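Student: Test case, fold it:
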Amino acid sequence: MQQKLSKVPEHQAVYLRLRERILLGKYAPGEPVTIHGLCADLGVGMTPAREAIRRLSAENALETLGNRRVVVPNLSIQHIEDLYFLRFQIEPELAARAAKVIEKQSIETLRLIDLEIDDAISRGDVDRYLERNNAFHTAIYQRADAPILERAVKSLWVQFGPSVRVVCGRYGTSSLPDKHSDLLDALSANDPEKAAIALRDDLKQGLDLIKLSCPKF
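Tutor: Predicted coordinates for the structure are as follows:
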């Protein structure tokens, strides 16, 4: 999932790299993100670093405090529940739409990704789990051919990514949600209703784990 700075314009590449770091929990909730720090980490100039921070602040992936410090949001359980409320509305619909049109080759690719997820869980590799789980869901949502809904989901994922990483840190990978078998079966059968149900069950398991980890988060 790593983005290469040489492949796209610098300002876009820096944005994508910072977004990926937030999504995968490389920054903890409440951790500051500074222009100088980003320049040092990525070896880029101040202008693209500043633009990346500005864009991600507009997407609510970063928060500007009263003293103009920019930090990764420290979400309350209410914020998490609100994000999941939106996910429950959108992601099952994307899964249902994907189920109508997805082809065998895409399903085989998803099965390979899911095996990588299982391997990451068994080895306790949180980084790999988060990256491959994101790749799994992204691949399904792209097949739905619903760019507006897909963009909305990407915004939700990057907002709760750091909080999910906190849960992984507390529980390891053994209890992480993985309801993908039912989802893959539904996609293979081109069954929209079952795909939506399986996706909803996957989301519910994740939300329940977050609530269990800390009532106030």
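Student: okay, CA-based contacts and neighbour counts for the rest of this
Tutor: Noted.
Student: So which residues of this structure form helices?
Tutor: 10-23, 35-42, 46-58, 77-101, 104-123, 126-143, 147-171, 180-188, 192-213 (DSSP state H).
Student: who wins for proximity to Pro29 among those?
Tutor: The closest of those to Pro29 is helix 147-171. By Cα to Cα, the value is 5.9 Å.
Student: residue closest to the middle of this structure?
Tutor: Trp157 (3.9 Å; Cα atoms, centre = their mean).
Student: quick one, what contacts that residue?
Tutor: Leu23 (Cα atoms under 8 Å, 6 or more residues apart in numbering).
Student: what do you get for Leu156?
Tutor: 83, 86-87.
Student: which of those residues count as buried?
Tutor: Buried members of these, scored by 16 or more other Cα atoms under 10 Å, are 83, 87.
Student: Tell me which of the helices of the chain sits nearest to Val71.
Tutor: helix 46-58 (9.2 Å).
Student: other SSEs contacting that closest one?
Tutor: helix 10-23, helix 35-42 (3 or more Cα pairs under 8 Å, 6 or more residues apart in numbering; DSSP states H and E).
Student: Compare those helices and report which one is nearest to Pro92.
Tutor: helix 10-23 (20.5 Å).
Student: That closest one relative to helix 126-143, how many degrees between them?
Tutor: 120 degrees (axes from the mean of the first three to the mean of the last three Cα atoms, to 10 degrees).
Student: any idea how far Asp182 lies from Leu199?
Tutor: As judged by Cα to Cα, to the nearest Å, Asp182 and Leu199 stand 9 Å apart.
Student: Those two - which one has more neighbours?
Tutor: Leu199 (24 against 17; other Cα atoms under 10 Å).
Student: Excluding residues flanking it in the chain, which one is nearest the more buried one?
Tutor: Among residues not flanking Leu199 along the chain, Pro92 sits closest, at 5.5 Å (Cα to Cα, 6 or more residues apart in numbering).
Student: and that neighbour, what is it in contact with?
Tutor: With Cα under 8 Å, 6+ apart, Pro92 has these contacts: 195-197, 199-200.
Student: Quickly check those for the two that are furthest apart.
Tutor: Maximum distance among the contacts of Pro92 (Cα to Cα): 8.5 Å, for Ala195 and Arg200.
Student: Mind checking which of those two has more residues around it?
Tutor: Per other Cα under 10 Å, whichever of Ala195 and Arg200 has more neighbours is Ala195, with 29 against 22.
Student: residues in contact with the more buried one?
Tutor: Contacts of Ala195 (Cα under 8 Å, 6+ apart): 92, 95-96, 99, 182-184, 186-187.
Student: Closest to Ala61 out of those?
Tutor: Of the contacts of Ala195, the one sitting nearest to Ala61 (Cα to Cα) turns out to be Pro92, at 22.8 Å.
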